[in-house]
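> Return atomic coordinates for the entry below.
(6 chains, ligands or ions: 6)
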6 protein chains.
Amino acid sequence: MVLNEQFENDPDFNKQIDRQKWQFCTGKVGSMDSHKVVAAIETAAKRNGIIKADLYRELHALYHAIIEALHGVTRGQVQLGTILRTVGLRFALVRGNPYDNEEEGEWLAIALYGTIGAPVKGLEHETIGLGVNHI
Amino acid sequence: MVLNEQFENDPDFNKQIDRQKWQFCTGKVGSMDSHKVVAAIETAAKRNGIIKADLYRELHALYHAIIEALHGVTRGQVQLGTILRTVGLRFALVRGNPYDNEEEGEWLAIALYGTIGAPVKGLEHETIGLGVNHI
Amino acid sequence: MVLNEQFENDPDFNKQIDRQKWQFCTGKVGSMDSHKVVAAIETAAKRNGIIKADLYRELHALYHAIIEALHGVTRGQVQLGTILRTVGLRFALVRGNPYDNEEEGEWLAIALYGTIGAPVKGLEHETIGLGVNHI
Amino acid sequence: MVLNEQFENDPDFNKQIDRQKWQFCTGKVGSMDSHKVVAAIETAAKRNGIIKADLYRELHALYHAIIEALHGVTRGQVQLGTILRTVGLRFALVRGNPYDNEEEGEWLAIALYGTIGAPVKGLEHETIGLGVNHI
Amino acid sequence: MVLNEQFENDPDFNKQIDRQKWQFCTGKVGSMDSHKVVAAIETAAKRNGIIKADLYRELHALYHAIIEALHGVTRGQVQLGTILRTVGLRFALVRGNPYDNEEEGEWLAIALYGTIGAPVKGLEHETIGLGVNHI
Amino acid sequence: MVLNEQFENDPDFNKQIDRQKWQFCTGKVGSMDSHKVVAAIETAAKRNGIIKADLYRELHALYHAIIEALHGVTRGQVQLGTILRTVGLRFALVRGNPYDNEEEGEWLAIALYGTIGAPVKGLEHETIGLGVNHI
Ligand SMILES: [Mg+2]
Ligand SMILES: [Mg+2]
Ligand SMILES: [Mg+2]
Ligand SMILES: [Mg+2]
Ligand SMILES: [Mg+2]
Ligand SMILES: [Mg+2]
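Ligands and ions are numbered 1, 2, ... in the order given. This next block holds a predicted model:
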């Protein structure tokens, strides 16, 4: 379940995704509101059919994966504008079974990569987060 | 400041590191003790001359970067064995100035990538963390 | 100090409360704003005479009990709408001395029970929290 | 998914569990080591067939449910002896589908109830926690 | 309730403490074990009669005040040796009523001041914490 | 790097600051919005020349020091109005080298002292926080 933004347009990576029958989508979100980051990823997941919008089970798996990924991005408080910082993030969502055992079923991984910093362009540094959940 | 374990043996990446006069080292650590993860990274940083061992300033920068990276890995509690989980991590340390302005001086980035899970081989999933600090 | 919403209309429970000279009130609150949950419980406590509104000592005891109970409800970040989730909660407040030793004085317990989830009806699961403080 | 220790020996409750084909087990654990609390619940879950011991998917669901429940018990730091406190807990595990829609599949709930306090008998108060996860 | 280590030997401060019938004690603790910091303060409080050792109410008030003060010292995780750091702290405990209204009763304040850092002398910086609770 | 609001008008303290070529400023902020507390301190630091407004390196050092200091003030969640509380704080910023070794370079300390409590005058208690960072 290698989730890495650099691979998005890499034909080898896409072949691997296809061969394994994994589902994959990417997107971007920039915001000072942490709830908008969550919403943007959830919307992308639904629109791209990564999760079924009407099954709570799937949204629940995605939600907790997103919050886990945000821990990596925010490192301490899952807060952005409330502590005067903003993010510009690319995200990648993968759904599939990364384990050898078929019974492990489907898993979901959400990777976040971008910048976090003051709400002034350039006053920021890189940030990363990964959330993984069974679905 | 692209920190990515896949690039370790990539000649293009190494050229980029060299051209920019950045310092770089990598290592591995597996443990249920979070303090051993911290220690392994600190030791690698000192041995490879990424930080000066006798300057608190540099150790302070590294320490906080490590703890930030561990937030991504642990997603909520910076605890491993105390909540019955273990990690197997590769880490990469880069020191240099990723900004256009030379006055921004040196920065340090520590990337962690590996697995986290139950203390039983295979019962684990991927995890990532990135800590960035000025030095 | 058994605090349980199922007992609210249970005559046995009410007798026990009376016999022990405990004070008791219940209420409901649904919100995406965590401060509204805190406010609803504080208001109920004041209106029902569980705490004296003009004594900071009593509000302080209640406030910390509420925040502790919210830890159980939110499990990691005491945040609701800011991370795109909402709660529908019933709460019960009890004031009294649950210890054998009279010198232990009065204590306050706040129990929260309900649902937490996406701001869409049905996309939610159960949640519970208990805060206990001396008063 | 009513999880409540009072119901353990309640025939009505057991009938409801049976009728819904839910799986159910209970246990006790007292410790100053948070990892022992996690281990005791995992062991009970495996021994009682609530989860399949060799499927990481199921252990992963359980693990995160336990940690969520411990947030309610510990209210801030998922730590016990390391901050000089101990717990005496009863726990109940239920596995089943509490939703009307069959497609929601199986969920797991872990409820914790007991006392937390100083490592001296009597110097403690009640504590509760609930963790819920899809499985 | 001004709690400040510089005042310990200040006759003006001591007069103020006396005039207000406040109780006061100080001590020192250095450790990599956070539970030893808690224990040292609890022991000092009992030995100096700041709290009654056999009343859970008073220990409960003190315990939560200590943990709050440790948040200031540790800034994020109430952990020391488990994340490879140590503290050297002086502490001051005051018990009294800092409010004009006598009904506010007694309160407890615990101030911590010292250094936190790597387990190597000199590789450390200053740290402070204050916990306040009604008793 | 003794940071203490009582010293602000103390000639001895000011002499010490001058002799050591340290930079120093103070200010006040009261708010229910944690981002306004951060902003007020950042603005004071820039206006008083404690940090260079156009160097991210310096803002980054300050930002993390502020967030660390807020941990002491908020003791658990770096949140104010969102959990129905407000602060009235004085702050002091010092920049200089508190170590014997000149190579340790410049450090920054931010001390916060004031009250935290319900958004009603008087229903509050004292609070303190200190953040220290290399710059
Ligand atoms: Mg996991
Ligand atoms: Mg940063
Ligand atoms: Mg307590
Ligand atoms: Mg959930
Ligand atoms: Mg308080
Ligand atoms: Mg530090």
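
> Which positions in chain A make contact with chain D?
Chain A comes close to chain D at residues A:55-57, A:60-61, A:64, A:99, A:101, A:103-105, A:107, A:133-135, as judged by CB under 8 Å from any CB of the partner chain. (Glycine included, C-beta is placed from N, CA and C.)

> Out of those residues, which sit inside helices?
Secondary structure from DSSP state H places A:56-57, A:60-61, A:64 of the residues of chain A next to chain D in helices.

> Any chance of those residues in JSON lines with neighbour count and pLDDT as columns?
Shown next, in JSON lines, are these (neighbours: other CB atoms under 10 Å in any protein chain shown; pLDDT from 0 to 100):
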{"residue": "A:56", "neighbour count": "22", "pLDDT": "98"}
{"residue": "A:57", "neighbour count": "21", "pLDDT": "98"}
{"residue": "A:60", "neighbour count": "23", "pLDDT": "98"}
{"residue": "A:61", "neighbour count": "23", "pLDDT": "98"}
{"residue": "A:64", "neighbour count": "22", "pLDDT": "98"}
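
> burial count for residue A:120?
12 (other CB atoms under 10 Å in any protein chain shown).

> so where's chain A shaky on pLDDT?
A:1-19 (pLDDT under 70).

> Write out the residues of chain A neighbouring chain F.
So far as CB under 8 Å from any CB goes, chain A lies against chain F at A:76-77, A:79, A:81-85, A:117-118, A:122-125.

> Give me the buried subset of these.
A:76-77, A:79, A:81-85, A:117-118, A:123-125 (16 or more other CB atoms under 10 Å in any protein chain shown).

> At the geometric centre of chain A, which residue sits there?
residue A:110 (2.9 Å; CA atoms, centre = their mean).

> For that residue, which residues are in contact?
Residues near residue A:110 by CB atoms under 8 Å, 6 or more residues apart in numbering or on different chains: A:3, A:41, A:62, A:65-66, A:69, A:91-93, A:130-131.

> could you redo those as a markdown table and give each row neighbour count and secondary structure?
Converted to a markdown table, the contacts of residue A:110 look like this (neighbours: other CB atoms under 10 Å in any protein chain shown; DSSP: H, G, I helix; E, B strand; the rest coil):
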| residue | neighbour count | secondary structure |
| --- | --- | --- |
| A:3 | 22 | coil |
| A:41 | 27 | helix |
| A:62 | 25 | helix |
| A:65 | 25 | helix |
| A:66 | 26 | helix |
| A:69 | 28 | helix |
| A:91 | 24 | strand |
| A:92 | 20 | strand |
| A:93 | 24 | strand |
| A:130 | 29 | strand |
| A:131 | 29 | strand |
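
> what about the residue in chain A positioned nearest to chain F, distance to residue F:116?
Chain F sits closest to residue A:84 of chain A, with a gap of 4.1 Å, by CB to the nearest CB. Counting by CB to CB, to the nearest Å, the gap from residue A:84 to residue F:116 is 19 Å.

> other SSEs contacting the helix or strand encompassing residue A:127?
In the assignment (DSSP states H and E), residue A:127 maps to strand A:124-134. Under the contact definition 3 or more CB pairs under 8 Å, 6 or more residues apart in numbering or on different chains; DSSP states H and E, strand A:124-134 sits against helix A:56-74, strand A:86-96, strand A:107-117, helix B:56-74, strand B:107-117, strand B:124-134, helix D:56-74, helix F:56-74.
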